[in-house]
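Participant: Fold the following and give me the result.
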Amino acid sequence: MKNKINLSRRTFIKSGIVLTAGLPFVQSCRFSGGKERGLSDSDDLYSLFQTPPNTSKPFVRWWWNGDKLSAKEILRELDVMKEAGIGGVEINPIAYPGGDDLGIPSLRWLSPEWIEMVKTALQGAEERDITCDIIVGSGWPFGAEFLEKEERSQLLTIASRKVKGKGVIRVDVTELLKDASPMLHSGYESATSELYSLCLAPLQMDTFTPTLPVAFTQGSAHIAVDVPEGEHILYALVKITGFQAVINGAPGAAGPVLNHYNRTAVEKFLNNMSDHLFPALAELKGFRAMFCDSMELEGANWCHDFPDEFKRRRGYDVVPYLPFILYKVGHMGRAIEGTEITEAFGAAKEEIARVRHDFFVSCMEIISDRFLVPFTQWCNKHGFKSRVQAYGREFHPLEASFKVDIPECETWLWHGDDNGGQDLAKNPAYTNVNKFVASAVRLSGKNIVSCEEITNTNAVFNASLEKIKVTGDQSNLSGVTHSILHGFNYSPPETPFPGWVRYGTYFNERNTWWPFFKLWAAYKARISTILQETEPFADIAVMHPLADMWTKHGPVRDPFPERHYPEYQYKVWEAVHQSGNSCDYTSENVIQQSVAENGYLRYNARKYHTLILLEVETIAPATAEALMRFVKNGGKLVFTGKEPCKSPGLINHSENDEKVKQTIAAMKREYPSRIFHVDPPGELLPWFKNIQQQCGVKPYMEIDRPSPYVSQIRCRAGSKDVYFIVNYSTVERIDIRARFPEAHGKAWIWDAETGDRFICPTARENTLTIDLPPATSRLIVFDKYDRGNTQPFAPEEKQGVELSGWNMRMEHIDGSVTNRECQTLFDLSKDETTRAFAGQLIYEKQLESDAEYNWLDLGKVHGVSEVTLNDEALGCKWYGRHLYRIPEHLTATKSKTLQIRVTTVLGNYLKSSPDNKTGYQWTRGQRWQPVGMLGPVKLL
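Facilitator: Numbering: from 1, shown residues only. Modelled structure (predicted):
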């Protein structure tokens with residue numbers, strides 16, 4: 001490869017990772033903050049905003065469906081994406097989704113023929129100035145057919161039953177192995193199970209009692225168990241090897257999942273790809289990053305030396321405790337309830353819980369040391385970045401992202417109709433991991449928060465550009481700075497409509513709204529430019545009770561946790577931002593390595609004046625000491641609901657518990673004015689307002705009426721202060737009045753759709769009235785630059801003259817055309833004769849009036865609108881308020897011909913087309929979506 005990757009100032013950071021005590025500290029980052037990020041007080045930022053670099057443009061996950069590839073089609077699709085404003089691709093071989101494959105054979109992963117297609121894609125991307133990433137392997141998690149038995153994922157699980165003695169019982173080993181079989185999302189048919197150990201335990205215990213081992217001969221079909229007097233639990237520990245199959249693996253990279261706890265196996269798997277693929281790419285520019293998709297390991301928890309590793313890390317033997325901390329495994333590693341187990345209480349329950357914590361922390365450490373770190377080292381050795389979704393049951397939700405170059409999270413487009421069926425305040429698009437990943441990026445001095453974005457499995461073909469915008473805006477609010485869209489399907493144009501569809505939002509040139517996609521892409525690129533080229537601001541840190549959760553329940557499956565502990569834990573940051581502050585998540589290790597000075601807790605370039613602990617009871621003594629240093633040096637500490645009173649883990653826990661209690665007590669005694677206790681929240685906004693008032697936490701954006709539908713983030717570059725403010729309600733207009741006490745200079749509105757900027761017309765010193773129609777965002781920039789135009793006021797929605805009596809032409813995507821007269825506007829999905837429509841609706845009307853009007857407001861529109869007046873184009877609106885300014889030379893014209901063209905989504909058509917197997921399978925369970933222009937249409 002042409003000396004690996006050539007990254008410019010405008011591209012991604014060179015983040016060689018320095019590890020100190022397990023955590024990263026900043027070294028030579030691209031743009032570490034303000035002027036240090038390369039942007040002076042000149043107009044450099046605005047210049048980049050006007051013409052965003054390719055690295056800010058959306059990338060796409062490019063599904064190579066079934067690897068049914070040709071060089072001609074690869075280059076054609078690159079042209080389509082380039083024209084649409086896409087700046088990069090992630091090559092992602094994946095299983096064929098089904099349907100007519102046109103007789104095209106599949107190429108085997110890493111075969112010479114497949115490698116030639118990769119070379120074609122790289123060369124074509126380089127010629128088009130498109131960045132390339134590639135997934136390692138295919139599907140997820142990593143795996144392949146060539147893995148040998150011990151290199152495959154392993155699970156230690158249990159089968160248990162109640163038995164009664166005194167007497168000898170005969171146990172069928174086959175039944176035990178069957179009882180222990182996990183209920184998986186993606187099981188591997190050639191998994192092997194073996195009995196690891198067999199033991200008897202009491203029905204109940206209040207003091208921990210080791211189990212009574214049962215001897216057996218490996219390979220025996222039956223085992224005789226001599227059961228003592230009374231009732232007991234018989235535990236069978238079962239080791240299952242190769243239990244999980246790669247999800248949607250393409251030919252050559254399907255089969256069993258890799259054992260991520262086995263470094264030798266990990267390196268063999270990675271080297272298999274680099275040995276085969278990389279030499280063939282020697283003359284090409286190569287990839288930006290190697291990608292690792294969802295770490296859905298289905299509960300994998302074992303390797304050949306796990307007991308030894310546990311003892312080395314924790315200082316004691318875990319084996320006697322395994323029957324009491326393991327569980328029967330269900331979907332995605334969840335515990336299956338209802339099995340017969342020992343009831344532990346009192347001291348025994350406490351001891352087992354502490355071992356449970358140590359077990360799962362050890363799993364996280366081993367998989368970090370043996371997979372995450374080697375993966376990044378392998379990527380960097382070959383000149384690439386590592387890009388990883390480093391979360392899941394086996395990963396620390398914050399600290400795992402420290403170990404990779406480009407951490408990634410995910411934001412979903414959930415099912416919801418255009419009448420507000422999806423409440424993005426109650427059910428946001430971003431997942432719970434986004435804030436963890438974004439915080440890790442900030443703390444470690446990186447600036448790219450990558451996101452698998454607009455992930456979509458239950459609203460396929462019904463994703464409008466407005467939904468995509470609001471989903472993406474929420475993603476940015478959660479900390480995301482770059483989007484990897486989910487996804488672009490490799491699909492030849494000869495394929496019957498709608499083509500090959502693996503997953504996702506239908507980003508495809510055969511989509512009705514594709515001609516307008518570039519408008520959203522340009523908007524998104526400008527937002528990403530701002531977020532990548534500035535320093536994000538936060539003044540509050542929030543710590544979750546992870547040690548408590550792991551002790552009591554074990555880790556959860558991120559990004560879709562089966563348990564929230566506490567219930568409100570992922571909503572706190574939302575209230576902080578909605579109330580005019582900003583926060584990062586933090587962890588015990590980060591707090592321990594932070595510096596307390598001048599009222600702040602500082603870690604690298606991040607500093608916080610307030611630290612909120614969410615019902616945290618368990619912390620290490622070193623964390624308690626760090627909290628003491630923080631409040632001693634003027635920091636504010638908020639205990640929510642509970643306060644720390646014990647330590648994690650088993651070894652020396654009595655001594656460590658006492659250290660924690662004494663430190664917290666001394667802190668409260670010596671610095672009572674800096675420590676605050678608040679009740680757990682009911683309603684979040686009033687709860688955080690109380691914290692602001694009680695603790696003296698001043699917002700940098702004083703909002704007159706905080707709303708759960710309006711949020712903001714703040715970032716800075718030189719003397720510029722930038723605020724990204726979003727209304728993510730798709731039905732409600734919200735106007736806010738806000739004061740910015742820390743801002744300096746003139747208030748500007750930077751228009752991310754056009755790249756223009758205007759002086760904010762409502763600014764009075766540092767107080768602004770901000771108009772936020774549905775699905776609308778504003779970029780407010782305070783800048784010393786003070787020359788420019790003022791943006792015209794938009795008129796009130798209630799004024800004006802309503803229009804009626806329309807000629808409607810329906811140009812269906814199937815080629816049919818229907819004309820219809822309608823006195824009043826209506827939702828086509830409510831009429832059985834029109835509900836299956838998809839395509840373009842042309843509304844026409846003759847206007848006769850002596851009055852002069854300056855604006856045309858279309859009211860509610862489900863789709864993309866375009867307006868012409870006397871054949872003169874007035875523009876296009878694809879979200880929010882469909883408001884058009886009428887040019888002055890047309891306002892005085894008495895007779896005018898008005899034409900409004902509305903482009904709809906495809907969903908209702910495909911829902912009504914059972915013969916279209918691909919389209920129908922995705923839409924048959926979806927609701928009929930509103931279609932068309934509903935108005936009221938007004939002249940203003």
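Participant: Burial check on Asp871, number of neighbours?
Facilitator: Using other C-beta atoms under 10 Å, Asp871 has 7 neighbouring residues. Bear in mind the C-beta positions are built from the backbone N, C-alpha and C, glycine included.
Participant: Distance check, it against Glu811.
Facilitator: Counting by C-beta to C-beta, to the nearest Å, the separation of Asp871 from Glu811 is 18 Å.
Participant: for the stretch 801-940 of the chain, what spans make up the helices?
Facilitator: 888-891, 907-911, 917-923 (DSSP state H, counting those that start in this stretch).
Participant: what is the rounded mean pLDDT of the last one?
Facilitator: Spelled out, that is helix 917-923. Mean pLDDT, computed over helix 917-923, is 96.
Participant: what packs against that helix?
Facilitator: Contacts defined by 3 or more C-beta pairs under 8 Å, 6 or more residues apart in numbering; DSSP states H and E place helix 917-923 against helix 907-911.
Participant: Quick one: residues in contact with the helix it packs on.
Facilitator: By C-beta atoms under 8 Å, 6 or more residues apart in numbering, the residues outside helix 907-911 that reach it are 459-462, 498, 812-814, 828-829, 835-839, 916, 919-920, 922-924, 926, 928-929, 931.
Participant: Name only those of those that count as buried.
Facilitator: Listed as buried from the contacts of helix 907-911 are 459-462, 498, 812-813, 828-829, 835-839, 916, 919, 922-923, 926, 928-929, 931; burial here means 16 or more other C-beta atoms under 10 Å.
Participant: Quick check, central residue of this structure?
Facilitator: The residue lying closest to the centre of the chain (C-alpha atoms, centre = their mean) is Glu410, at 1.8 Å.
Participant: so that one sits right up against Glu452, yeah?
Facilitator: Yes: Glu410 lies in contact with Glu452 (C-beta atoms under 8 Å); the separation is 4.2 Å.
Participant: Common neighbours of these two, please.
Facilitator: Shared contacts of Glu410 and Glu452, defined by C-beta under 8 Å, 6+ apart, comprise Gln389.
Participant: quick one: the strands in the stretch 151-300 of the chain?
Facilitator: Along the stretch 151-300 of the chain, counting by DSSP state E, counting those that start in this stretch, strands occupy 154-172, 192-202, 204-205, 212-213, 222-241, 289-292.
Participant: ok so, going back, who are the contact partners of the residue nearest to the centre of the chain?
Facilitator: Contacts of Glu410 were listed using C-beta under 8 Å, 6+ apart, and they are 389, 431, 433-434, 451-453, 455, 559.
Participant: Assign a three-state SS to it, would you?
Facilitator: strand (DSSP: H, G, I helix; E, B strand; the rest coil).
Participant: And it, what's its pLDDT?
Facilitator: 97.
Participant: just Glu351 next, same as before
Facilitator: Looking at Glu351, its pLDDT reads 98.
Participant: Tally up the residues packed near it, please.
Facilitator: 18.
Participant: Report whether it is found in a helix, as I expect.
Facilitator: Yes: according to three-state DSSP, Glu351 belongs to a helix.
Participant: Do I have it right that it meets Pro210?
Facilitator: No: assessed by C-beta under 8 Å, Glu351 is found out of contact with Pro210, at 11.4 Å.
Participant: quick one on the thing from earlier: let's have the strands of the stretch 151-300 of the chain in TSV, adding mean pLDDT and distance to Asp308.
Facilitator: Below are the strands of the stretch 151-300 of the chain laid out as TSV (pLDDT from 0 to 100; distance: least, C-beta to C-beta, whole Å):
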stretch	mean pLDDT	distance to Asp308
strand 154-172	96	14
strand 192-202	97	15
strand 204-205	96	27
strand 212-213	96	19
strand 222-241	97	16
strand 289-292	98	27
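Participant: Highest average neighbour count across those: which stretch is it?
Facilitator: Among those, strand 289-292 has the highest mean neighbour count (mean count of other C-beta atoms under 10 Å), at a mean of 26.
Participant: hmm, who's touching that one?
Facilitator: With C-beta under 8 Å, 6+ apart, strand 289-292 has contacts from 90, 92, 133-136, 142, 375, 378-379, 384-390, 405-406, 408.
Participant: likewise stretch 97-105?
Facilitator: The contact list for stretch 97-105 (C-beta under 8 Å, 6+ apart) reads 65-66, 68, 70, 492, 494-496, 500-502, 917-918.
Participant: still on that earlier bit, most packed of the helices of the stretch 801-940 of the chain?
Facilitator: Across the helices of the stretch 801-940 of the chain, averaging neighbours per residue (mean count of other C-beta under 10 Å) puts helix 907-911 on top, at a mean of 25.
Participant: Now do that helix: distance to the chain's middle.
Facilitator: 28 Å (C-alpha atoms, centre = their mean, to the nearest Å).
Participant: so where do the helices sit in the stretch 501-650 of the chain?
Facilitator: If DSSP H, counting those that start in this stretch is used as the criterion, the helices of the stretch 501-650 of the chain fall at 514-533, 546-552, 572-578, 588-593, 621-632.
Participant: What is the neighbour count of Trp750?
Facilitator: 23.
Participant: what's the answer for Trp114, then?
Facilitator: Neighbours of Trp114 under the rule other C-beta under 10 Å: 22.
Participant: what secondary structure does it sit in?
Facilitator: From three-state DSSP, the assignment for Trp114 is helix.
Participant: so Pro914 touches Tyr920, yeah?
Facilitator: Yes: the criterion here is C-beta under 8 Å, and Pro914 meets it with Tyr920 at 5.0 Å.
Participant: Looks to me like Lys698 is in a strand.
Facilitator: No: counting by three-state DSSP, Lys698 falls outside a strand, being coil.
Participant: Quick check on it: phi, psi?
Facilitator: Dihedral pair for Lys698: phi -90, psi 130, per degrees, to the nearest 10.
Participant: In contact with it, which residues?
Facilitator: With contact taken as C-beta under 8 Å, 6+ apart, Lys698 is in contact with 692, 741.
Participant: This completes my enquiry, with thanks.
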